[in-house]
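A.B. asks: sharing a model prediction with you, sequence too.
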Amino acid sequence: MNNSSTKKKFYRSRTEIIADILTAVADNEPRGVGKTRIMFLSQLSFDPLTDYLEDLLTNGLLIYKDRKELDNTNRSVKGTYHITAKGSEYFALYNLMNTEDISGLRPKEK
């Protein structure tokens, strides 16, 4: 039996992926979060995440704070991503649109 045919595939829209990235970043404020942690929390591989982060930075939903310093083990500390006011607004609107109590948009249960 082929396991690949029995696995349920998980598809997300671009909007859902962006919301997952913004959630990962917002949940780690004010400290910020690195790319590896965002990969884990948003369930994306490196290349797609890099593309999304570039888009989010370009559109002002995230900012990147570069930290050119060494930690106590003399390893380089990389920068962190932070959500902007615009990113928070986008995220709030996304959450509003996904609530079940938006009057007039979803049929009422009988």
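C.D. replies: Structure's in. What do you need? Residues are numbered from 1 along each chain as shown.

A.B. asks: please enumerate the helices of the protein.
C.D. replies: 3-6, 14-26, 35-42, 46-58, 85-97 (DSSP state H).

A.B. asks: what sits closest to the spatially most central residue of the chain if chain neighbours are left out?
C.D. replies: Most central in the chain under C-alpha atoms, centre = their mean is Ile21, positioned 0.3 Å from the mean C-alpha point. Once flanking residues are discounted, Ile21 sits nearest to Ser42: 4.8 Å by C-beta to C-beta, 6 or more residues apart in numbering. Just so you know, the C-beta spots here come from the backbone N, C-alpha and C atoms, and that holds for glycine as well.

A.B. asks: residues touching the residue lying closest to Ile63 once chain neighbours are set aside, list them.
C.D. replies: For Ile63, ignoring the flanking residues on the chain, the nearest one in space by C-beta to C-beta, 6+ apart is His82 at 5.2 Å. Shown in contact with His82 (C-beta atoms under 8 Å, 6 or more residues apart in numbering): 25, 29-30, 32, 62-65.

A.B. asks: also Ser45?
C.D. replies: Applying C-beta under 8 Å, 6+ apart, the residues contacting Ser45 are Met39.

A.B. asks: just to revisit the earlier point, who wins for proximity to Lys78 among the helices of the chain?
C.D. replies: Closest to Lys78 of those is helix 35-42 (C-beta to C-beta; 7.5 Å).

A.B. asks: which parts of the closest one count as buried, going by neighbours?
C.D. replies: 35, 37-39, 41-42 (16 or more other C-beta atoms under 10 Å).

A.B. asks: what's in contact with stretch 83-91?
C.D. replies: 18-19, 22-23, 25-26, 29, 56, 59-63.

A.B. asks: now with 10 Å?
C.D. replies: For stretch 83-91, contacts defined as C-beta atoms under 10 Å, 6 or more residues apart in numbering pick out 15, 18-19, 21-29, 32-33, 56-57, 59-63, 81.

A.B. asks: deepest in the core, which of the helices of the chain is it.
C.D. replies: Burial of these is given as mean neighbour count (mean count of other C-beta atoms under 10 Å); helix 14-26 ranks first at a mean of 18.
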